[in-house]
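K.L.:
A structural model of the following input is requested.
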Amino acid sequence: MKDYYKILELSFGADISDVKKAYRRLALKYHPDKNKASNAAQIFIELTEAYEVLRDPYKKHEYDKIYEGLFSAKTKTEVVIRTEQRQEYESKQQEWTKFGKTKAQEYSSMPFDEFARRLLKEISIGVNYIPNVIGILFTVTMGITFLVLLPTTEGYAAGLPIMLILFSLGAFYLAYRLFIVAQADYKEERKRKIIKTK
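P.N.:
Predicted structure coming up:
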């Protein structure tokens, strides 16, 4: 199994922001226009493949699940499950490798300056979403606060604990909706500003 975390010089389970930082650093170093070493193009392809899997929350979740299953078996039952996961991984690996090579060819065909500008534009788009992250964290904090206050309502009318539970659920639901909207907006803005300006 390819260790995408190791390829990006990260430890297993690193979050997506760390994946993006590691890719930017290594891709700028190994881009074929900048690095003329004989193995630079192959390293660039592997970096891009790893990045394209680990930057996508869904693919990252799939990869992490398979990775853990393959390397953490302790019992015979787990070994059987691990074998099944290996088959699942092999089919996914072919898909990920093909997609990674396609993206690496696309990125390496760009002049280095254009590639670097595109990576910097990715950062600027992410910075625009800091207020969204703060809003999500605030609503989650409010939901937790309402739950923490719940045990202190014993002497109050029966309606107060119910209200706190409802407020808490409402805050968690609002945080979830904010996350979904921010994620959709980010993808749309990325398509408009990065993908369409190629």
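
K.L.:
What count of nearby residues applies to Leu174?
P.N.:
17 (other CB atoms under 10 Å). C-beta coordinates here come from the backbone N, C-alpha and C atoms, glycine included.

K.L.:
now Leu150
P.N.:
15.

K.L.:
what's the answer for Asn39, then?
P.N.:
There are 10 residues near Asn39, going by other CB under 10 Å.

K.L.:
The one 10 residues further on now?
P.N.:
For Glu49, the neighbour count with other CB under 10 Å is 23.

K.L.:
dump the residue contacts of it.
P.N.:
The contact partners of Glu49, taken as CB atoms under 8 Å, 6 or more residues apart in numbering, are 2, 4, 7, 96-97, 99-101, 103-104.

K.L.:
By neighbour count, which of those residues wins?
P.N.:
The most neighbours of any of the contacts of Glu49, using other CB under 10 Å, belong to Tyr4, which has 26 neighbours.

K.L.:
what about Pro151, how many residues close to it?
P.N.:
9.

K.L.:
Tell me where the protein has helices.
P.N.:
For the chain, applying DSSP state H gives helices covering 4-7, 16-30, 40-54, 57-71, 76-109, 112-127, 130-149, 159-193.

K.L.:
can you list the weak-confidence ranges in this protein?
P.N.:
69-86, 120, 122-129, 153-160, 190-198 (pLDDT under 70).

K.L.:
measure Gly13 to Ala50 for me?
P.N.:
14 Å (CB to CB, to the nearest Å).

K.L.:
neighbour-wise, which of the two wins?
P.N.:
Looking at Gly13 and Ala50 with other CB under 10 Å, you find the greater number of neighbours at Ala50, namely 25 against 11.

K.L.:
Can you tell me how far the more buried one is from Tyr176?
P.N.:
Distance from Ala50 to Tyr176, by CB to CB: 29 Å.

K.L.:
okay, now Ala37: neighbour count?
P.N.:
Neighbours of Ala37 using other CB under 10 Å come to 10.

K.L.:
Next up, phi/psi of it, please.
P.N.:
Note on Ala37: backbone dihedrals following degrees, to the nearest 10 are phi -60, psi 150.

K.L.:
just to revisit the earlier point, ok, the contacts of Glu49 vs Leu54, which is closest?
P.N.:
Tyr4 (5.4 Å; CB to CB).

K.L.:
just to revisit the earlier point, highest mean neighbour count out of the helices of the chain?
P.N.:
Neighbour counts (mean count of other CB atoms under 10 Å) averaged over each of those peak at helix 40-54, with a mean of 21.

K.L.:
I'd like to check which residues are in contact with the closest residue to Arg55 other than its chain neighbours.
P.N.:
Using CB to CB, 6 or more residues apart in numbering and skipping the chain neighbours, the partner closest in space to Arg55 is Val19 (5.5 Å). For Val19, the contacting residues are 8, 10, 51, 54-55, 60, by CB under 8 Å, 6+ apart.

K.L.:
What's the separation between Val19 and Tyr51?
P.N.:
Val19 is 7 Å from Tyr51, by CB to CB.
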